[in-house]
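*Asks:* Just the structure for this:
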Amino acid sequence: MSIPEEVLSRLRRFPDVEAPNLFAVDGADRLILDEAGPALLDAADGTVAVIGDRYGALTLGAAAGFDVTGIRVHQDPITGELALSHNASRVGLREVYRSCGLGVDLLAGARVVLVQLPRSLSALAEIAEAVARYADPEVVIYAGGRDKHIAPAMNEVLARSFGDVHATRGRQKSRVLVARGRLDPPAEPTYPLREHLGELDMEVVAHGAAFAGTKLDIGTRFLLDYLPRMNPGARSAVDLGCGTGILAVALARSRADLRVVATDQSAAAVASTAATAQANGVGDRVIALRDDVMSTLADATADLIVCNPPFHVGAAVHTGAALSMFRAAGRVLREGGELWTVYNSHLGYRGALRASVGPTELIGRNPKFTVARSVKGS
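*Replies:* Okay, the predicted model is just below:
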């Protein structure tokens, strides 16, 4: 059996950003399937797990090309889960997999684990430790990515949890790291991490894949300077793209009557935010929600939205994610509600904010960032 190109060619990124320079399948997906092929052919039902499958190429490729069944899948972004679901329906493979969190449900009894390497070493460390903790002792990991995103430190991270780690020969500017020989994991899981940020007097909790980890992102730091000026009459707020929840917690602590929804597409971010809110005594007023750009929030329900949008989609520099966030903010804000955004100044988002939300004023600027205030319908 071999890689099913007739299946892979039909996969799309939807509902994630789609553009001519963004692809649903790449050389790393194909190389992972090739390198893992013999193990996949021998895999018993329910012994294959897939982590980080962006749009379904690994899951559906393993099912269609190697007759694998009972695949368990963990995807941090909800857009990945939705894309896999849409693609599985498109190619008639809805029943071959189920989605799981990064834990025992995903990995118990797993002997073959396919991984699209994350950009973050912390995310990889949490994955490797989870596999070592919960999978079969004979488990083998096939973790692949594009050469330009694979660092020697990734081998070192895997070697903390596995005794034998080596790289395959490259192909199409991609490579696979193979890890076997499971080592005993720490008595207690390393993740999530926890750190006290003295400048905010805040406990921050972060899973491996959460943006910025336990640190304070410099854009968020700049936006926090304007917290006292944000819609003083607000009773409902949204932290859009919440990361570890620093903005959401800061809002909730500053205003006792404010209810905050902290939303992100990342499972790691949402879990981190919930833990950060609990650690700072505002867990009752900060609701952590995994969602695709506020799609489950009703129209005209928020008085205030704060946003530090990404300037990339995956590894590609692209403004599509930010523009989607601005459009969603325009829908969810009430009349007179405010969107406060911090962004890299060279991106020049003022026109897009004005078109998506309403009149937009540039409130602050430093050598790198701009803070803008947009008002809905005024």
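
*Asks:* Going by C-alpha atoms from here, please, whenever you check contacts or count neighbours.
*Replies:* Fine.

*Asks:* tell me the contacts of the residue nearest to residue 220 when sequence neighbours are not counted?
*Replies:* Take residue 220 and drop its neighbours on the chain: the residue closest to it by CA to CA, 6 or more residues apart in numbering is residue 308, 6.6 Å away. Residue 308 makes contacts with 219-220, 240-241, 341-343, as judged by CA atoms under 8 Å, 6 or more residues apart in numbering.

*Asks:* which intervals of the stretch 1-150 of the chain have sub-threshold pLDDT?
*Replies:* 1 (pLDDT under 70).

*Asks:* show me where it has strands.
*Replies:* 48-51, 71-74, 97-99, 112-116, 140-146 (DSSP state E, counting those that start in this stretch).

*Asks:* got CSV for those, with mean neighbour count and distance to residue 126 too?
*Replies:* Output for the strands of the stretch 1-150 of the chain, formatted as CSV (neighbours: other CA atoms under 10 Å; distance: least, CA to CA, whole Å):
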stretch, mean neighbour count, distance to residue 126
strand 48-51, 27, 12
strand 71-74, 24, 13
strand 97-99, 18, 18
strand 112-116, 25, 13
strand 140-146, 25, 14
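
*Asks:* which stretch among those comes nearest residue 129?
*Replies:* strand 140-146 (11.8 Å; CA to CA).

*Asks:* Who are the packing partners of the following helix or strand past that closest one?
*Replies:* Once strand 140-146 ends, the next helix or strand along the chain (criterion: DSSP states H and E) is helix 152-159. Counting contacts by 3 or more CA pairs under 8 Å, 6 or more residues apart in numbering; DSSP states H and E, helix 152-159 is packed against helix 121-134, strand 162-167, strand 174-182.

*Asks:* any chance of the ones you listed in a markdown table, plus distance to residue 359?
*Replies:* Putting these into a markdown table (distance: least, CA to CA, whole Å) gives the following:
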| stretch | distance to residue 359 |
| --- | --- |
| helix 121-134 | 39 |
| strand 162-167 | 53 |
| strand 174-182 | 46 |
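
*Asks:* Quick check: which of these is nearest to residue 250?
*Replies:* Taking the helices and strands packed on helix 152-159 one by one with CA to CA, helix 121-134 is closest: 24.7 Å.

*Asks:* and for that closest one, what are the contacting residues?
*Replies:* Counting by CA under 8 Å, 6+ apart, 102-104, 107-109, 117-118, 153-154, 157-158, 161-162, 182-185, 189-191, 207-210 sit against helix 121-134.

*Asks:* Selection in ChimeraX covering whichever of those residues are buried, please.
*Replies:* A single ChimeraX command selects the buried members of the contacts of helix 121-134 (16 or more other CA atoms under 10 Å):
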select :102,103,107,108,109,117,118,154,157,158,161,162,182,183,185,191,207,208,209,210
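
*Asks:* Pull out the buried residues from the longest helix along the chain.
*Replies:* Selection of the longest helix in the chain by residue count, based on DSSP state H, yields helix 27-42. Neighbour-count burial for helix 27-42 flags 27-37, 39-40 (criterion: 16+ other CA under 10 Å).

*Asks:* Most widely separated two among those?
*Replies:* Top of the distance list for the buried residues of helix 27-42 (CA to CA): 27 and 39, 19.4 Å.

*Asks:* need the helices for the stretch 201-350 of the chain, in chain order.
*Replies:* With helices called from DSSP state H, counting those that start in this stretch, the stretch 201-350 of the chain shows them at 218-224, 246-254, 267-279, 320-332, 350-356.

*Asks:* most packed of those?
*Replies:* helix 267-279 (a mean of 25; mean count of other CA atoms under 10 Å).

*Asks:* Just the C-alphas of it, formatted as CSV.
*Replies:* C-alpha atoms of helix 267-279 as CSV (Å, rounded to 0.1, in the frame of the first residue of the first chain):
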residue,chain,number,x,y,z
ALA,A,267,-6.9,23.9,23.3
ALA,A,268,-3.7,24.6,25.1
ALA,A,269,-4.5,28.3,25.3
VAL,A,270,-8.0,27.8,26.6
ALA,A,271,-6.8,25.3,29.3
SER,A,272,-4.0,27.7,30.2
THR,A,273,-6.4,30.6,30.5
ALA,A,274,-8.8,28.7,32.7
ALA,A,275,-6.0,27.7,35.0
THR,A,276,-4.6,31.3,35.1
ALA,A,277,-8.0,32.7,36.0
GLN,A,278,-8.4,30.2,38.8
ALA,A,279,-4.9,30.9,40.1
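
*Asks:* by contact count, what packs against it?
*Replies:* Partner elements for helix 267-279 (3+ CA pairs under 8 Å, 6+ apart): strand 202-206, helix 246-254, strand 259-264, strand 286-290.
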